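Undergrad: Got a predicted model here, sequence first, then my questions.
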Amino acid sequence: MKVAKVAGTVVSTINAPVFDGYRLLLCDYVAPDGSPSGDYVIAVDVVDAGAGETVLILDEGTGARQIVGETVAPIRAVVVGIVDDVQHS
Amino acid sequence: MHLARVIGTVVATEKTPDLEGVRFLIIQPLTKDLDDRGRPVVAADGVAMAGPGELVYYVGSREAAQAMPEPFVPIDHAVVGIVDQLAVEPEAKGTRTRKRSSA
């Protein structure tokens, strides 16, 4: 998993059915100190995260499908947690 | 998933039978600021409605094939949604909203 910061939302009405009912968040991956790493990902939100929050991203298909309860679906990145604090040395 | 712009289509008559009926789009991956990011790739159209000029999001790797009606097909990128609205808040730049381009 990776730490990221929510930068915004992606709204779409025409999409794969697995995304219906979920919000898609555009998240910037960040280094442990919170600085942006330059890469981003669009992830399905299952924890009700909001813009500006630091989150935990799972980018793996089987785990992602397990979370949304599907066995076959084109889903890979999911926001699985809201980060309270990161300590690193 | 990442953002991309559909910049073309690919037609192939001779292909592996598993790809029969699959629409191919040329997509240019984008940064969140909608600048080009790397080289264009050919992606299957998982929503069967995306057309040139549209802002879409796509999934790569094994998950791409699962966007298709028959999920065990040789596909490595698939468009899985058409963006209606992108609301990104860059630091200290306020809210910016982009409307979907007309299809």
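TA: Good, I have the coordinates. Numbers count the residues shown, from 1 in each chain, chains lettered A, B, ... in the order given.
Undergrad: The closest residue to B:Asp45 other than its chain neighbours: how many residues sit nearby?
TA: Closest residue in space to B:Asp45, ignoring its immediate chain neighbours: B:Arg23 at 4.0 Å, by Cβ to Cβ, 6 or more residues apart in numbering or on different chains. Quick note: C-beta positions are derived from backbone N, CA and C, even for glycine. For B:Arg23, the neighbour count with other Cβ atoms under 10 Å in any protein chain shown is 17.
Undergrad: and the gap between B:Arg23 and B:Gly51?
TA: Counting by Cβ to Cβ, to the nearest Å, the gap from B:Arg23 to B:Gly51 is 10 Å.
Undergrad: thinking A:Val80 is in contact with A:Val68, fair?
TA: No. In this structure A:Val80 lies outside contact range of A:Val68 using Cβ atoms under 8 Å: 11.3 Å.
Undergrad: Give the intersection of the neighbour lists for the two.
TA: Common contact partners of A:Val80 and A:Val68 (Cβ atoms under 8 Å, 6 or more residues apart in numbering or on different chains): A:Val46.
Undergrad: out of the two, which sits in the more crowded spot?
TA: A:Val80 (19 against 15).
Undergrad: Contacts only, for that one.
TA: A:1, A:46-47, A:55-58, A:67.
Undergrad: again, only using 6 Å
TA: Contacts for A:Val80 (Cβ atoms under 6 Å, 6 or more residues apart in numbering or on different chains) come out as A:56, A:58.
Undergrad: Using the three-state scheme, assign it.
TA: With DSSP: H, G, I helix; E, B strand; the rest coil as the basis, the three-state label of A:Val80 is strand.
Undergrad: can you pull the pLDDT of the residue nearest to the spatial centre of chain B?
TA: Chain B has B:Val79 as the residue nearest its centroid, 3.5 Å off, counting by Cα atoms, centre = their mean. Looking at B:Val79, its pLDDT stands at 97.
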